[in-house]
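[1] Structure for this input, please:
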Amino acid sequence: MSTILANHSVNDTTTSNHFLASSSNLLDESLRNSWNPQNTESNQNLAEKYLKSVEKLIEISNISNGSDQTNLHVQTCSEDECTNTVFNASVTVQSSGNGIVKTAGFKYLQDYLPNTTNTSNINSIVVSTTTQRGKENLKITIKLPLLTPRPRDVSLQCVSWNYSQSNWTDEGCVWGGASKPDECICNHLTSFAILMSRYPIEIPYMTEITYAGLSASVVSLVISLLIELIVWSKVVKTNTLHLRHTAHVNISLCLLVADCCFLASSKPESISEIWCRISALLKHFCYLAMFFWMLSLSTTLLHQAVFLFHKVGKKTYLRFSLILGYVCPFLIVFITFLTNNGGAQGAYFSMKTCWLVYSGILKGTIYTFILPVGIIVFINLFAMLVVIMKLLDHRSREKSHEKEIQAAKTVLRSVILLTPIFGLPWIFGFATFILDLTAGAVTFAVNYAFVLLNAFQGLLILLTTCLGDRMVKSFTSRDKRPT
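    Have a look, this model is predicted:
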């Protein structure tokens, strides 16, 4: 066929249809093993020679839309804006001038053309388009259904076959991005396909930042707990301060365990499935417990503000805080674990992250973390507003509650500082589930923000709620004075 087309024109419809039928038969799966990787006579790949010959045949032949074959579909169009559809792949040509636009779809040919890249695989059928119109200022919109679904954070590349170099090239083509993964925009006519990367996109220095931040957080949390142990008897003078420091100790302990689990599972591919499941379970519980202890802090403070700072017994507060801080997150984790096939991989947790699963909007176990955290942050914001208003209202009242008011201000300061320290990172964290890394610089910035804020939480706690506390600083400064 290649020889005949090089020396003769094919004007007879019957002859061209016979050629098309033969070309279709060559792509049949039963002949898969008959394709030779190299035609030594012409030093040209057999699949490439086949593609070039069929393109030439379609270009010079008078082909109608009713000439589709089993493995080779051809469609023509002569409108101003032509859209041809072959094997569910559509090609829209926008150009000036008259003439017929012909599009051919080749089944299985993508398996025979050589893959000239080591990082990507061909992930669509091959589609070829020719036209008799002028080839200036062409805009080609191609929609190629993917043979394999695109995994998250894996980039695609729109390519065309370069006959002069016998390879795939992305010159003149742009991928539609994560929002249009099956779309390509090109400015020239040839044979097109989509390449999919074999590996997901990696964010530079993310591992180093995570290790540095979590290591700093673990050390900071240990120091913070030691300071609490040292200053406890000297600083905790009222029930309200007892509330604040008890919550701070439990929050620090929960975050310390979660950070250690995060470090232990930072390379999921190197640990077993059972340890990955245990890590996800502990992180789920500890991060939730951390937020519920913040909730106990803000709700108890709100109760005292609304009821004029009347005293609450330490035992009453402790029982309430233990139930809210540990029992509630335990129930959430336990129910989530049981209702997702007993914590099965892919249902409760992901082996790629050793963390909860995100399957789409309001789908996946991640929402058993995101929704409680969102509700707690909202309640904390409401509680802060009410307490601030009550504190302003009590400014002109009698001073019998002065110590409690000052203690409440200290607790309020902790809630104000801890809410963004814990809440803001998970806003970015949720955004990382929604945004695909193929979206570009904005997604990279969101991922960096999440890792920085989340990894250095322990350090921020030490600096703000511990070393930044006025009573702790005054106690440590007294200890430094010469006797």
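[2] so which strand or helix has T83?
    strand 81-86 (DSSP states H and E).
[3] which regions of the stretch 301-450 of the chain lie under the pLDDT threshold?
    304-313, 387-388, 390-422 (pLDDT under 70).
[4] so what does the helix or strand containing L302 touch, helix or strand wise?
    Assigned by DSSP H and E, L302 falls within helix 273-306. Helices and strands touching helix 273-306, by 3 or more Cβ pairs under 8 Å, 6 or more residues apart in numbering; DSSP states H and E, are helix 239-264, helix 314-322, helix 328-339, strand 349-350, strand 355-356, helix 367-393, helix 402-434. C-beta: built from backbone N, CA, C; applies to glycine.
[5] want to try TSV for those, with distance to V218 and mean neighbour count as columns?
    Below are the helices and strands packed on helix 273-306 laid out as TSV (distance: least, Cβ to Cβ, whole Å; neighbours: other Cβ atoms under 10 Å):
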stretch	distance to V218	mean neighbour count
helix 239-264	5	22
helix 314-322	24	14
helix 328-339	21	16
strand 349-350	22	24
strand 355-356	18	23
helix 367-393	21	17
helix 402-434	16	19
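[6] quick one: which of these is nearest I201?
    Nearest of those to I201, taken as Cβ to Cβ: helix 402-434 at 12.6 Å.
[7] after the closest one comes which helix or strand?
    helix 441-455.
[8] Who are the packing partners of whichever helix or strand comes after that next one?
    Next along the chain after helix 441-455, taking DSSP H and E as the criterion, comes helix 457-461. If contacts are counted by 3+ Cβ pairs under 8 Å, 6+ apart, helix 457-461 sits against helix 206-235, helix 239-264, helix 402-434.
[9] Now do the second one, average pLDDT.
    This points to helix 239-264. Mean pLDDT, computed over helix 239-264, is 85.
[10] from now on call the first residue 296
    All set: I'll call the first residue 296, so the last point we hit is now helix 534-559.
[11] before we move on, back to that, which stretch among the helices and strands packed on helix 568-601 comes nearest F586?
    Comparing the helices and strands packed on helix 568-601 by Cβ to Cβ, helix 662-688 comes nearest, at 4.8 Å.
[12] Can you list the helices and strands that that closest one packs against?
    helix 568-601, helix 623-634, helix 697-729.
[13] redo that, cut-off 10 Å
    Applying 3 or more Cβ pairs under 10 Å, 6 or more residues apart in numbering; DSSP states H and E, one finds that helix 662-688 contacts helix 568-601, helix 623-634, strand 650-651, helix 697-729.
[14] Those into JSON lines, with extra columns for distance to I496?
    Output for the helices and strands packed on helix 662-688, formatted as JSON lines (distance: least, Cβ to Cβ, whole Å):
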{"stretch": "helix 568-601", "distance to I496": "22"}
{"stretch": "helix 623-634", "distance to I496": "30"}
{"stretch": "strand 650-651", "distance to I496": "18"}
{"stretch": "helix 697-729", "distance to I496": "13"}
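[15] Figure out which of the ones you listed is closest to D477.
    Across those, D477 has its closest neighbour in helix 697-729 (20.1 Å, Cβ to Cβ).
[16] Helices of the stretch 296-445 of the chain, residue ranges please.
    Under the criterion DSSP state H, counting those that start in this stretch, helices of the stretch 296-445 of the chain are mapped to 297-302, 308-321, 341-355.
[17] what's the angle between the last one and helix 308-321?
    If I follow you right, that is helix 341-355. Calculated by axes from the mean of the first three to the mean of the last three Cα atoms, to 10 degrees, helix 341-355 forms an angle of 160 degrees with helix 308-321.
[18] So which bits of helix 341-355 are buried?
    Residues 341-354 are the ones in helix 341-355 that count as buried (16 or more other Cβ atoms under 10 Å).
[19] out of those, who's nearest D406?
    A342 (8.7 Å).
[20] if we can go back for a sec, worst average pLDDT in the helices of the stretch 296-445 of the chain?
    For the helices of the stretch 296-445 of the chain, where the average pLDDT is lowest is helix 297-302, sitting at a mean of 66.
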